[in-house]
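# Got a predicted structure plus its sequence, pasted below:
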Amino acid sequence: MRSVPMATACVLYHRFFQSASLLVYEPYLVAMSAIYLAGKVEEQHLRTRDIINVCHRYFHPESEPMELDGKFWELRDSIVQCELLILRQLNFQVSFEHPHKYVLHYLLSVRSLLNRHAWSRTPIAETALAVLKDSYHGSVCVRHKPQHLALTSLYLALQTYGVQLPRGELEWWQVVCADITKAQIETIMSELLQLYDMEAKCT
Amino acid sequence: MERDLLRQSVSYHGENLLLLLKCEQSENPDFKCVAADLSKTLSQRDVEEVSPVLEQFIARKADLLFAPSWKTSVPADEWQEETGEAYAIMPPLEQFMEVCFEERRELFYRDVERGDVVIGRINSVRDFGLFVTLLCTAGGLERDIEDLEIKALCPLRDVPSTGIHDDPLSYYQIGDLIQAGVKDIDRYHEKLTLSLFSSSLPPHLDKVKLGVISKEDLPLHYTRGEKVAADSSETYEKLLERSLGLSNPLNVDYLLGKLGISDTQTPSLMRGLQSKHFKEDDFATAIRKKQSVSWALKCVKVGVERFKSGRHVEAMNEYNKALEIDTNNVEALVARGALYATKGSLMKAIEDFELALENCPTHRNAKKYLCQTLVERGGQLEEEEKLVTAEGLYKRAIVLDNTFQEAAEALEKLQIHIQKSLKLKEQEAAKEQENTKTVETSAEKLRKILKEEKRMKKKRKRSTSSSTSSDTSSTSSDDSSSTSRKKSKKRKRKRRRSSHGSKKHKRRVSSCSDKTAEDDKEWFPAPANTFASYIDQKQSISKLISEGEQSWEKSRCEDGRGRLDDAIERSLENLKHGAQSEASRLGRPDVNGEVRDRHRTQSTSECARNRRDSSSSTQSEYSQKSDRYSKEFSAQGRKHSESERGGNEKMDRGERSSRDQNDGRKSGGSQKKEIPSNLLDIFSRIAEFEKEKKLKK
């Protein structure tokens, strides 16, 4: 599944649970439906059979795939119904602006500022995209503007490697996104990093 | 871990980072080697804020971040002309940032390399070259250099001659915009040398056009930059939002491609999501396949049950369903093949078994069934006299399964049969050769006709195969197969010819009226019922015709034009012989007229069965009258009639398959059509000659 549909799925999921209660609705079912719906929205259609197979495999590792019998069809029906539920919950607003394109454009602009050798040495792009992708684990994605998110992930990547960009009247991030402040960047960054803490606790 | 990266990072963040790194990464063996170096590179941090969280993050993820394999991107090799805006092309950031003059200059000289493309304006033309003031960069590097007033020299030797002018420099004028490649840089003196030869560019920039360009060719980022400079309220953001490329839904994919990062294997810093932890087995496609296989097997089981209880149609449905789910399911294919075999469509069964064996060469049942089916099919073909094909099938069956008794037995029988028929053929051929006589007037005329036909043939330049080898003696193993094939072909032709209704009339008339002119023009397909008419009436002639036919068919079988003459000659000789022998001749002079009448009446009736029935009745007639003839003829005739009869009966069964075979021989098809008409002409002429003879006598 490509990055953008996946991002859509995550946003759908987070938004849904912003307004609905986690206890009432089975989260895994909602997740499956979110994936299915996102595939439709972003034109990367996935078959329900595949989704069910993978989820089943996830819960029962190394088991045989599900038999195509009554239980399977029931599960499939419930996914479809849940999809409708999500749509209603979100008032049918299912297309979102994602930070991906912003981050990519920013990357290109920043690349031109750097020496090409430095660029090829430092995996800035990968890190930025990785951070962005991981941000979808939490609800950061719904609480901030996509441009800000993009900017922050790029900022984080540059900071990790200690890359220094030329300075002019304005900092590069001020240019790119006029209304952001350093403080904001900091907050978002801390949120992102908290996610990694969470991950550390889980494993 | 990348040492340089680590060093850079540590020097940026300072000592804290180093400490933390040591803490977190103490187990990591790679780190230990690098740690020693790192402690030496600490320097004063110039960044104000302290970000412990960030440092913690870096420390924790250092093994991922600094791993050499983390850098997955492969920079795009080719610089493509950015036609259409796949993404938003922005002017250089420097411009927005308003980086100061010196810094920009410094940066430019730091980063420009040999092989970059720059665009500049000519500001003076001297004897030794052109002086260019650079406007902007192109081809990947994007900098704001317009106001830097960087001057570059393009020496004379790097200006290609345009050919028209003696002096290449006269082509250029002050104020022209030219695009050139950087040939040499003197960073210390801040001097640039340019070249207008494309050899100065690296291979991936080969397509860039060097030389004079127009304003339209200026790169987009420059033109946009100009607009921004003019209008100070333009911000990066606004420009980005407005540009069309931003709303391109595929821009993400495009840019990811440009940066060289794959979208399906995107990196992640979460440990659980590291790609190497995901096994192939867990992927959706793999699971789906397994599921399909088991589902298909279930269907097959149901189908087999249905089959056993006799409900063939339903069984077929189940098998087809199974094959839809899983196209190469071996079990389903084998089961379906068995079903086909029991129903009798053996060819389809063979196909299915072969497919199954392709997928799973060791499937016992498939092999067994395939052998059985092959043997059965061989039996069918044998009865149809397609001996060679049958032989081939038996051999294959034996190859597949060495212990298969029936196949071996059948093969032996077949081989004996073949040998017998071969012998008979040889006898016939020998007899035919005996019958060649000296030239007679009629023969001469006939030969003339033949030659004309030959010429006609050559005119049309049909494909002559190499089988213009000579004659009857060479028809060895081909004969046996060809005899059976010929019979079926004859029947085929008869049926086919029935469709040329109206044409025949014309041909008839023209053939009867104008005999000489015909050779030149008309090579129509003769009506099939010619043969029927002959067979009905004139046994000897029909026999001769059939013999001639056979020889023609032989020639056709061998796909050789050259044989036609031989065949015709042979048939003529036969006919002559027949004319000379005192066997019962029943009103041969009338042949011509009767043929005509018969032909006309029969041309309307298109039913193949009628013809067949008539032919079968004539064959019975045939067999009755066969006793009257001389031994040679009778021997031949009987054989032919038997084989014809047999062939006729088997025709139903082998119809389809032999038709397929015949269809494949279309190269001779047109030839087929031509022969009978020639035959017809010849016969009519023969009839005339014989009339003459009789009259003479």
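Great, that's in hand.
# domains for chain A, by residue range?
Split into domains by the TED database, chain A comes to A:3-90, A:99-202.
# average pLDDT across the shortest one?
So that's domain A:3-90. The average of the pLDDT scores along domain A:3-90 is 81.
# Start and end of that domain, how far apart?
End-to-end distance for domain A:3-90: 22 Å, by CA to CA, to the nearest Å.
# Close to chain A: what parts of the stretch 301-450 of chain B are there?
Within the stretch 301-450 of chain B, no position is near chain A by CB under 8 Å from any CB of the partner chain. Placement of C-beta: from N, CA and C, glycine included.
# quick one on the thing from earlier: hey, which of the domains of chain A is tucked in deepest?
domain A:99-202 (a mean of 20; mean count of other CB atoms under 10 Å in any protein chain shown).
# That one: how far from the chain's middle?
Computed by CA atoms, centre = their mean, to the nearest Å, the separation of domain A:99-202 from the middle of its chain amounts to 14 Å.
# OK, contacts around the closest residue to chain A within the stretch 301-450 of chain B?
Using CB to the nearest CB, the closest approach of the stretch 301-450 of chain B to chain A is made by residue B:325 at 9.5 Å. By CB atoms under 8 Å, 6 or more residues apart in numbering or on different chains, the contact set of residue B:325 is B:292, B:295, B:296, B:299.
# these two touch, right, residue B:393 and residue B:381?
Yes. Using CB atoms under 8 Å, residue B:393 makes contact with residue B:381 at a distance of 7.0 Å.
# Retrieve the pLDDT associated with whichever residue of chain A sits closest to chain B.
For chain A and chain B, the shortest gap (CB to the nearest CB) falls at residue A:162, measuring 2.7 Å. pLDDT for residue A:162: 74.
# backbone phi and psi for it, please?
phi 70, psi 30 (degrees, to the nearest 10).
# looking at it, it is touching residue B:6, isn't it?
No. Residue A:162 is beyond contact range of residue B:6, at 9.4 Å (criterion: CB under 8 Å).
# Might you list the low-confidence residue ranges for the stretch 551-697 of chain B?
Segments of the stretch 551-697 of chain B classed as low confidence (criterion: pLDDT under 70) are B:551-677, B:696-697.
# So which bits of it are right by chain A?
Counting by CB under 8 Å from any CB, no residue of the stretch 551-697 of chain B is near chain A.
# How much space separates residue B:124 from chain A?
Using CB to the nearest CB, to the nearest Å, one obtains 30 Å as the distance from residue B:124 to chain A.
# Could you pull out the buried residues of the helix or strand hosting that residue?
In this assignment (DSSP states H and E), residue B:124 forms part of strand B:117-126. Under the neighbour-count criterion of 16 or more other CB atoms under 10 Å in any protein chain shown, strand B:117-126 has B:117, B:118, B:119, B:120, B:122, B:125 buried.
# Pull the number of nearby residues for residue B:156.
Counted with other CB atoms under 10 Å in any protein chain shown, residues neighbouring residue B:156 total 14.
# Quick check, it in contact with residue B:128.
Yes. Residue B:156 lies in contact with residue B:128 (CB under 8 Å); the separation is 5.4 Å.
# re earlier: using a markdown table, lay out the domains of chain A together with distance to residue B:255.
Formatted as a markdown table, these follow (distance: least, CB to CB, whole Å):
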| stretch | distance to residue B:255 |
| --- | --- |
| domain A:3-90 | 11 |
| domain A:99-202 | 4 |
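# Validate this expectation: residue B:240 resides in a helix.
Yes. Per DSSP: H, G, I helix; E, B strand; the rest coil, residue B:240 lies within a helix segment.
# That one touches residue A:105, doesn't it?
Yes. Between residue B:240 and residue A:105 there is a contact at 6.4 Å, judged by CB under 8 Å.
# Of all the domains of chain A, which one is nearest residue B:309?
Closest approach to residue B:309 among the domains of chain A (CB to CB): domain A:3-90, 23.7 Å.
# Break chain B into its domains for me.
B:3-66, B:93-242, B:328-420.
# can you count the residues close to residue B:396?
The tally of other residues near residue B:396 (other CB under 10 Å) stands at 17.
# Check whether it really touches residue B:374, as I assumed.
Yes. Assessed by CB under 8 Å, residue B:396 is found in contact with residue B:374 at 6.0 Å.
# and the helix or strand containing residue A:10, anywhere near chain B?
Assigned by DSSP H and E, residue A:10 belongs to helix A:3-19. Yes. Shown here: helix A:3-19 in contact with chain B (CB under 8 Å from any CB) through A:3, A:4.
# by contact count, what packs against that helix?
Contacts defined by 3 or more CB pairs under 8 Å, 6 or more residues apart in numbering or on different chains; DSSP states H and E place helix A:3-19 against helix A:27-41, helix A:70-89, helix A:99-113, helix A:124-134, helix A:140-143, helix B:251-259.
# Can you list the low-confidence ranges for the stretch 201-350 of chain B?
Along the stretch 201-350 of chain B, the parts satisfying pLDDT under 70 run over B:201-209, B:217, B:228-235, B:244-250, B:260-283.
# so where do the helices sit in it?
Here the stretch 201-350 of chain B has its helices, by DSSP state H, counting those that start in this stretch, at B:220-230, B:236-242, B:251-259, B:284-308, B:312-325, B:330-343, B:346-359.
# What are the buried residues along the shortest one?
For helix B:236-242, the buried set under the neighbour-count rule, 16+ other CB under 10 Å, comprises B:236, B:237, B:239, B:240.
# likewise the longest one?
By neighbour count, and taking 16+ other CB under 10 Å as the criterion, the buried residues in helix B:284-308 are B:284, B:286-288, B:291-293, B:295-300, B:302-304, B:306-307.
# What is that helix packed up against?
Applying 3+ CB pairs under 8 Å, 6+ apart, we find helix B:284-308 packed against helix A:48-59, helix B:312-325, helix B:330-343.
# tilt between the last one and helix B:312-325?
Our comparison of helix B:330-343 with helix B:312-325, counting by axes from the mean of the first three to the mean of the last three CA atoms, to 10 degrees, yields an angle of 150 degrees.
# which residues sit against helix B:330-343?
Residues outside helix B:330-343 that contact it (CB under 8 Å, 6+ apart): B:296-297, B:299-300, B:303-304, B:307, B:312, B:315-316, B:319-320, B:322-323, B:326, B:346, B:348-353, B:355-356, B:359-360, B:363, B:365-366, B:369-370, B:372-373, B:376.
# Dump the helix or strand harbouring residue B:133 to PDB, restricted to CA.
Following DSSP H and E, one finds residue B:133 within strand B:129-138. Coordinates of each C-alpha in strand B:129-138 appear next as PDB, following Å, rounded to 0.1, in the frame of the first residue of the first chain:
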ATOM      1  CA  GLY B 129      36.100  34.000 -27.100                       C
ATOM      2  CA  LEU B 130      32.900  35.100 -25.600                       C
ATOM      3  CA  PHE B 131      32.300  36.700 -22.200                       C
ATOM      4  CA  VAL B 132      29.200  35.700 -20.600                       C
ATOM      5  CA  THR B 133      27.400  37.000 -17.500                       C
ATOM      6  CA  LEU B 134      25.600  34.200 -15.800                       C
ATOM      7  CA  LEU B 135      22.000  34.500 -15.200                       C
ATOM      8  CA  CYS B 136      21.000  31.200 -13.700                       C
ATOM      9  CA  THR B 137      21.800  27.600 -13.500                       C
ATOM     10  CA  ALA B 138      20.000  24.900 -15.200                       C
END
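# Next SSE downstream of it?
Going down the chain from strand B:129-138, the next helix or strand is strand B:151-155, by DSSP H and E.
# The next helix or strand after that next one: which residues count as buried?
Moving toward the C-terminus from strand B:151-155, the next helix or strand (DSSP H and E) is strand B:177-186. Buried positions in strand B:177-186, judged by neighbour count with 16+ other CB under 10 Å: B:177, B:178, B:179, B:180, B:181, B:182, B:183, B:185.
# dump the residue contacts of residue A:157.
A:124, A:125, A:127, A:128, A:131.
# ignore the last one, residue A:153
Going by CB under 8 Å, 6+ apart, residue A:153 touches A:99, A:103, A:128, A:129, A:131, A:132, A:135, A:192.
# Let's have these in JSON lines, adding distance to residue B:412.
Shown next, in JSON lines, are the contacts of residue A:153 (distance: CB to CB, whole Å):
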{"residue": "A:99", "distance to residue B:412": "80"}
{"residue": "A:103", "distance to residue B:412": "79"}
{"residue": "A:128", "distance to residue B:412": "78"}
{"residue": "A:129", "distance to residue B:412": "73"}
{"residue": "A:131", "distance to residue B:412": "79"}
{"residue": "A:132", "distance to residue B:412": "77"}
{"residue": "A:135", "distance to residue B:412": "79"}
{"residue": "A:192", "distance to residue B:412": "83"}
